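Make a model of this:
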Amino acid sequence: MPRVRRSEQEQESVEAHGPDFLESLARGLRVLTAFNTAPRPMTLSEAAKIADLPRATTRRTLHTLERLGYVSTDGKLFALTSRILTLASAYLSSNQISTVLQPVMDRVAGDVQEVCSVAILDGTDAIFIARASPTRVFLTGLEIGYRLPAFCTSVGRVLLARMSNKELAEFISHIEPKASTPHTIVNKTKLKAIIAADRAQGYSLVDQEAESGYRSVAVPVRRYDGSIVAALNIGAHVDRISVERMRERFLPLLKQAAAEVQSLLC
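Next up, the predicted model:
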């Protein structure tokens, strides 16, 4: 079988990660990730284009995934099957943060009758790994696995605040902030100042920057040694809670919850 020609990105990965880096696995994960960008079944050509891989490589990858039960096809279109959820379930069941925080989040969500979530930093995004919701609230969006830009979210800013000033400056220099709403702050100098201020005060409150009509407050979740490992937040529609009330009512509950679990996280 002819050797697949490495893309520039793959060559950089091999050089960065060394000879034990498994390129075939990396390509397979790129094909799986391609389905994130297409909320519908894809053709082979579409999958190859999104994954930036040769058609032949993509075809073999999809064939393998189909045989393993992770992909289905009618001969033309390819789609993920429900078996892919076993990968997510394996993470959630083995992740200490979500396991420890879930009962605390359930209690907080019940107390305030709003959604309580926990997120971690993944690249330039905050990704939600657990949530608790009162039964009266029916929301779409912030489900487990949902991603939002870190720079304009309360959880994201709390997580970015764990960086040193030098690391934060470098992070911000490499992103291109885009406004999600008229309230989104995209000025890089202002963003650095806000995140530094959030670090000093120990929490972040974001008002309609990620989504119009929605505000949230977040605090850092620290493990036993004080290192920040996640962010815990409560979000609510602006019609239900004011900024002042969010600070007075929600913030103390979040701080208490984070302090409660710190000794349990290692």
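
First-to-last residue distance for stretch 34-45?
12 Å (Cα to Cα, to the nearest Å).

could you give me the average pLDDT of that stretch?
When pLDDT is averaged along stretch 34-45, the result is 86.

and it, which residues are buried?
By neighbour count on 16 or more other Cβ atoms under 10 Å, the buried set for stretch 34-45 is 34-35, 41-42, 44. Backbone N, C-alpha and C define where each C-beta goes, glycine included.

what do you get for stretch 123-133?
124-133.

Strands - which of those residues land there?
Among the buried residues of stretch 123-133, the ones falling in strands (DSSP state E) are 125-132.

for the stretch 51-200 of the chain, what spans make up the strands?
Ranges of strands within the stretch 51-200 of the chain are 71-73, 77-80, 115-122, 125-132, 147-149, based on DSSP state E, counting those that start in this stretch.

out of these, which comes closest to residue 251?
strand 115-122 (12.6 Å; Cβ to Cβ).

which residues are in contact with the closest one?
With contact meaning Cβ atoms under 8 Å, 6 or more residues apart in numbering, strand 115-122 is reached by 97-98, 101, 105-106, 108-109, 126-134, 137, 139, 142, 147, 150, 153, 155-156, 159-160, 218, 221, 229-236.

now with 6 Å?
For strand 115-122, contacts defined as Cβ atoms under 6 Å, 6 or more residues apart in numbering pick out 101, 105, 108-109, 126, 128-133, 142, 155, 159, 230-235.

Repeat that for stretch 172-185.
Looking at what lies outside stretch 172-185 - Cβ under 6 Å, 6+ apart - the contacts are 124, 151-152, 186, 188, 191-192, 208-210, 212.

Make a ChimeraX selection of the buried ones in these.
Burial among the contacts of stretch 172-185 is assessed by 16+ other Cβ under 10 Å; the matching ChimeraX selection reads:
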select :124,151,152,191,192,208,209,210
